[in-house]
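[1] What would the 3D arrangement of this be:
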Amino acid sequence: MDRKTAHEQPAKEYKMSDPISRIELFHVVIPLPEKFYPAWIPNYPQTSNNFTLLRITSKSGLVGHSAGISMERERAGLGSLLGPYLLGVDALDLAVVNQRLREATYLGWRNSWIEAAFWDLKAKAEGKPLYKLLQFGDGNPDTESGENVSKVDVYFSMGETWNNERHRRYLDDVMAKGIRSVKIRVHGNTEAEDILAVRQAREHVGPDFDLRVDANQGWRVALLGDAPLWDLDRAHRFGLACDEYKYSWLEEPLDMYNYDDQAELRRRIKTPVAGGELNAGWHEFKIMLEKGSYDYYQPDVTLAGGIGQAQQLMKACAADDALGFSPHTWTNGIGFLINLQVYGAWPRRAFLEYPFQPPGWIPSARDGILKRPIEVDSQGCVEMPQEPGIGIEIDSAKLRRYGRRFYNLTKPRLALHTIKTKGLRTALELGRLKGAQ
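    Coordinates of the predicted model:
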């Protein structure tokens, strides 16, 4: 059943306490038009865009969404794990929400991607786009900012490693679209292959076009055969090539937990070092900041600790003029919108990642269940949604086509399930204890 979106209802109708009344989870599988070979899993043919969609509904009728990438249907038991933790929780009390999610990680998966649905709902309750809730003053974390952000510049981010001829065609196509920045991938078995790729790309676009490069060494995956594994010396030699060919950053040149070598590499080369997309949250980023591991911090809030911890990192970066903040967005259209809103709160915006790798990874497949694919205008920008919340508008027909709901929890359903599995007496006792919280 379709529900009204938050921007169709006045925010003043909602009290500052709004318990969750329904939790729904969907397996979503969107076929890709062509096979896609992600650089981060060499030789793996990805044929679909898979993710778990979360929809939460509050007692007042507000709806929040988020999505977490998946390989298959490995989260089939997620509802049973999370449902009892989250049903009835005040959707606007993010401290309690995060504590519940943290508790659930002790028993199952990382669940930071779920937090975004609560931020979506909270922003709708306050009648603001999410970036407005997250904003702070330029360089001063304690200063409120009321900046309106209508558009965000993007860099086109490749996902596959290609030979020079295909690289050239890609670069020509995106420059013709008005794009002013591109990130290429290197993941060759030899240093020579990788250095050749950055040299040829620079020679093709000329000295003034913005290029950056991702080595995908942060979290090595060797699912099908071997995969390159860099040490500091190899990263250093490649970094010197990035210096020579004037790259704007070198992303994930070393293991995500190798904080000391990241800092050492940063001292050895001129090219800024970037990373952090999959680190678990503030407790890890704090160590990186203390050690000086990166020039650019790139948390993906659906993977790396959630929105609240990304905001904490953003404030720390804003207090240091030498540091940049630019979220990773290679998940799906919903993940892109979430990270777009977070980036809208960053006071020193430059370019945000825009995943684009035809013929397999294109907007219609990446954004499959959204009402409108997220497109780039002729100036190389995407529009920032201005309606309350994150701006996630699900097309119900597309969701029926590509998704299957596998969990639907309400208070009566939870009561019946508890009686069935625990017995009436235990169910009544559990209800009494939960009501006393």
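[2] which parts of the longest strand anywhere in the chain are buried?
    In the chain, with assignment by DSSP state E, the single longest strand is strand 20-36. Residues of strand 20-36 classed as buried under the neighbour-count rule (16 or more other Cβ atoms under 10 Å) are 20-30, 32, 36. (Glycine included, C-beta is placed from N, CA and C.)
[3] who does that strand touch, helix- and strand-wise?
    strand 46-58, helix 78-86, helix 363-366, helix 396-402, strand 403-410 (3 or more Cβ pairs under 8 Å, 6 or more residues apart in numbering; DSSP states H and E).
[4] just checking, what packs against the last one?
    Judged by 3+ Cβ pairs under 8 Å, 6+ apart, the packing partners of strand 403-410 are strand 20-36, helix 78-86.
[5] From the contact counts, what lies against the shortest one?
    Put plainly, it is helix 78-86. strand 20-36, helix 94-105, strand 403-410.
[6] Which SSE is immediately downstream of the second one?
    Of the helices and strands lying after helix 94-105 in sequence (DSSP states H and E), the nearest is helix 115-125.
[7] what packs against the helix or strand following that next one?
    Using DSSP H and E, the helix or strand that follows helix 115-125 in sequence is helix 130-134. Contact partners of helix 130-134 among helices and strands, from 3+ Cβ pairs under 8 Å, 6+ apart: helix 115-125, helix 307-318, helix 333-344.
[8] Kindly export helix 130-134 (C-alpha atoms) in PDB.
    C-alpha atoms of helix 130-134 as PDB (Å, rounded to 0.1, in the frame of the first residue of the first chain):
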ATOM      1  CA  LEU A 130      19.100  15.800   5.600                       C
ATOM      2  CA  TYR A 131      22.100  17.900   4.700                       C
ATOM      3  CA  LYS A 132      20.600  20.800   6.600                       C
ATOM      4  CA  LEU A 133      20.500  18.700   9.700                       C
ATOM      5  CA  LEU A 134      24.100  17.800   9.300                       C
END
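[9] average pLDDT across that helix?
    On average, the pLDDT along helix 130-134 is 97.
[10] Buried residues, it. List them.
    Buried, per 16+ other Cβ under 10 Å, within helix 130-134: 130-134.
[11] Neighbouring strands - and their directions - for whatever helix or strand comes next after it?
    As assigned by DSSP H and E, the chain's next helix or strand after helix 130-134 is strand 151-157. Strand pairing for strand 151-157, using DSSP bridges, gives strand 181-185 (parallel), strand 352-355 (parallel), strand 381-383 (antiparallel).
[12] and Glu103, which of those is closest to it?
    When those are compared by Cβ to Cβ, strand 352-355 sits nearest Glu103, at 31.6 Å.
[13] ok now the closest one, how far from the chain's centre?
    Its chain's average C-alpha position is 11 Å from that of strand 352-355, according to Cα atoms, centre = their mean, to the nearest Å.
[14] Give me the residues contacting it.
    152-157, 159, 183, 326-330, 336, 339-340, 343, 361, 366, 376, 382 (Cβ atoms under 8 Å, 6 or more residues apart in numbering).
[15] next one: stretch 260-273
    Counting by Cβ under 8 Å, 6+ apart, 231-232, 235-236, 239-240, 242-243, 247-251, 253-254, 275, 288, 291-296, 324 sit against stretch 260-273.
[16] Adding distance to Gly64, write the helices and strands packed on helix 130-134 out as TSV.
    Shown next, in TSV, are those (distance: least, Cβ to Cβ, whole Å):
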stretch	distance to Gly64
helix 115-125	3
helix 307-318	12
helix 333-344	11
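[17] any chance of those helices in TSV, plus distance to Arg405, mean neighbour count and mean pLDDT?
    Below are the helices and strands packed on helix 130-134 laid out as TSV (distance: least, Cβ to Cβ, whole Å; neighbours: other Cβ atoms under 10 Å; pLDDT from 0 to 100):
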stretch	distance to Arg405	mean neighbour count	mean pLDDT
helix 115-125	15	27	97
helix 307-318	25	22	96
helix 333-344	16	27	98
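[18] And those: which comes nearest Pro42?
    helix 333-344 (22.7 Å).
[19] Contact partners for Arg180?
    When contacts are taken as Cβ under 8 Å, 6+ apart, Arg180 is in contact with 153, 155, 209-210, 351, 380.
[20] From what I see, Phe285 and Pro299 are in contact.
    Yes - contact criterion Cβ atoms under 8 Å: Phe285 and Pro299 qualify, at 7.1 Å.
[21] Determine the residues that are contacts of both of these two.
    Joint contacts of Phe285 and Pro299 (Cβ under 8 Å, 6+ apart) are 276, 279, 305, 309, 313.
[22] So which of those is the closest to Phe406?
    Using Cβ to Cβ, Gly305 comes nearest to Phe406 of these, at 25.9 Å.
[23] Check whether that closest one sits in a helix, strand or coil.
    coil (DSSP: H, G, I helix; E, B strand; the rest coil).
[24] still on that earlier bit, quickly check the contacts of Arg180 for the two that are furthest apart.
    Checking the contacts of Arg180 with Cβ to Cβ, the most distant pair is Asp153 and Phe209, at 14.0 Å.
[25] What is the burial count for Asn43?
    Asn43 is flanked by 12 other residues according to other Cβ atoms under 10 Å.
[26] one step back: quick one, which of the strands paired with strand 151-157 is nearest to Gln99?
    Nearest of the strands paired with strand 151-157 (Cβ to Cβ): strand 352-355, 30.2 Å.
[27] Which segments of this structure make up each domain?
    6-128+396-435, 132-383 (automatic domain parsing).
[28] closest to Gly389 out of those domains?
    Using Cβ to Cβ, the domains of the chain put domain 6-128+396-435 closest to Gly389, at 4.3 Å.
[29] can you give me the offset of that closest one from its chain's centre?
    With Cα atoms, centre = their mean, you get 16 Å for domain 6-128+396-435.
[30] ditto for stretch 179-188
    19 Å.
[31] Would you mind measuring the gap between the ends of it?
    26 Å (Cα to Cα, to the nearest Å).
[32] which one among the buried residues of helix 130-134 gets closest to Trp119?
    Leu130 (5.8 Å).
[33] gap between the closest one and Glu203?
    41 Å (Cβ to Cβ, to the nearest Å).
[34] would JSON lines of the buried residues of strand 20-36 with distance to Arg266 be doable?
    Shown next, in JSON lines, are the buried residues of strand 20-36 (distance: Cβ to Cβ, whole Å):
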{"residue": "Ile20", "distance to Arg266": "43"}
{"residue": "Ser21", "distance to Arg266": "48"}
{"residue": "Arg22", "distance to Arg266": "47"}
{"residue": "Ile23", "distance to Arg266": "43"}
{"residue": "Glu24", "distance to Arg266": "44"}
{"residue": "Leu25", "distance to Arg266": "41"}
{"residue": "Phe26", "distance to Arg266": "42"}
{"residue": "His27", "distance to Arg266": "41"}
{"residue": "Val28", "distance to Arg266": "39"}
{"residue": "Val29", "distance to Arg266": "40"}
{"residue": "Ile30", "distance to Arg266": "38"}
{"residue": "Leu32", "distance to Arg266": "36"}
{"residue": "Phe36", "distance to Arg266": "32"}
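[35] Fine by me, we can end here.
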